[in-house]
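Novice: Next comes the sequence, and after it the predicted model I'd like to discuss.
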Amino acid sequence: MSSSSEINSAKIILKDVFEMWFRIPEYQRPYVWGEEEIHDLLDDLSFASSTKPDSEYFLGSFVFQSKPADKSAGRLFEENDLLDGQQRMTTLLLLMASIRDITGNQEIKQTCQACIYQQANKFKHIPERTRLVFDIRETVQQFVVDFLKSEGGTSDADALQSFADRNKELSVQNMVRGLGTIRKFLTSEEAPAPLEPFFEFLLNKVMMIYVSTEDLE
């Protein structure tokens, strides 16, 4: 059995990242990426997918504290507190929601939805969960539920802006702007076309490095 102080590290492709569960702890800073960071990421991914579709693309690293299911600690299911990498992970979540709402391909829609949200099934004892839970602010998690979890939620620019204007939450305001940047890119001449091979590249060739331990220290 591994020690709780053991540090684990490995590379992981994006489709496997979105099989995991993450929480943004309350002590983390807000989501702060702007148009420049998001556009640069999308531009790099689009270029890599079109010029080297069979090669791995290194997206960066993320660090998390692993928290196995523990009923005595009030955790019925596994959680991972994301300590570093929030900006990229949140941007990827926004990208999945945007692709889901732009594409007409039902298989892509369903795949994106599974990367964002797990539907409850009482017979299998599967709970409703979002892949990334924002405990930094209740308003941020509500935004995720209202606009990222729900199909079509990223398409209503007026509703998105209204939510941001009402709540004045920095993370939400940046997420709304981020969704606008992503949609603009995906519907522009810069967008990867067709979308299907880009999405396949995104899931299977985009690679990250994770570092994890159960011991926060």
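Specialist: Okay, I see it. Numbering: from 1, shown residues only.
Novice: Now do K149: how many residues are near it, please.
Specialist: Number of residues near K149 (other Cβ atoms under 10 Å) recorded here: 17. No exception for glycine: its C-beta is placed from N, CA and C like everyone else's.
Novice: show me the contacts for the closest residue to it other than its chain neighbours.
Specialist: With Cβ to Cβ, 6 or more residues apart in numbering as the criterion, K149 has its nearest non-adjacent residue at 4.7 Å, and that residue is Y117. Y117 sits next to 128-131, 148-149 when contact means Cβ atoms under 8 Å, 6 or more residues apart in numbering.
Novice: Phi and psi next, for Y117.
Specialist: With angles defined as degrees, to the nearest 10, Y117 sits at phi -150, psi 140.
Novice: Give the rounded mean pLDDT of the longest strand along the chain.
Specialist: Looking across the chain with DSSP state E, the single longest strand is strand 57-67. In this model, strand 57-67 carries a mean pLDDT of 94.
Novice: what about the protein, any weak spots by pLDDT?
Specialist: Within the chain, the segments meeting pLDDT under 70 span 1-4, 73-76.
Novice: mind listing the helices for it?
Specialist: 14-17, 35-51, 86-102, 106-116, 138-143, 157-167, 170-186, 195-204 (DSSP state H).
Novice: Tell me the buried residues in the last one?
Specialist: Same thing as helix 195-204. 195, 198-199, 201-203 (16 or more other Cβ atoms under 10 Å).
Novice: Tell me which other helices or strands that helix touches.
Specialist: Packing partners of helix 195-204 (3 or more Cβ pairs under 8 Å, 6 or more residues apart in numbering; DSSP states H and E): helix 14-17, helix 35-51, helix 86-102, helix 106-116.
Novice: what's the answer for the shortest one, then?
Specialist: In terms of contacts (3+ Cβ pairs under 8 Å, 6+ apart), helix 14-17 is packed against helix 86-102, helix 195-204, strand 206-213.
Novice: what's the neighbour count on E36?
Specialist: Using other Cβ under 10 Å, the number of residues around E36 comes to 9.
Novice: for the one 10 residues further on, same thing?
Specialist: Residue neighbour count, defined by other Cβ under 10 Å, stands at 19 for S46.
Novice: Excluding chain neighbours, give the residue nearest to it in space.
Specialist: P192 (4.5 Å).
Novice: Repeat that for L82.
Specialist: Nearest residue to L82, sequence neighbours excluded (Cβ to Cβ, 6+ apart): F22, at 4.7 Å.
Novice: residue contacts, that neighbour?
Specialist: Applying Cβ under 8 Å, 6+ apart to F22 gives the contacts 64, 79-82, 89, 131-133.
Novice: Next: Q118.
Specialist: With Cβ under 8 Å, 6+ apart, Q118 has these contacts: 126-131.
Novice: Please repeat the previous calculation with a cut-off of 7 Å.
Specialist: Contact partners of Q118, counting by Cβ atoms under 7 Å, 6 or more residues apart in numbering, are 126, 128-129.
Novice: what's the spacing between E214 and N80?
Specialist: From E214 across to N80, the span is 10 Å (Cβ to Cβ, to the nearest Å).
Novice: same check, this time on K122
Specialist: Distance, K122 to N80, using Cβ to Cβ: 25 Å.
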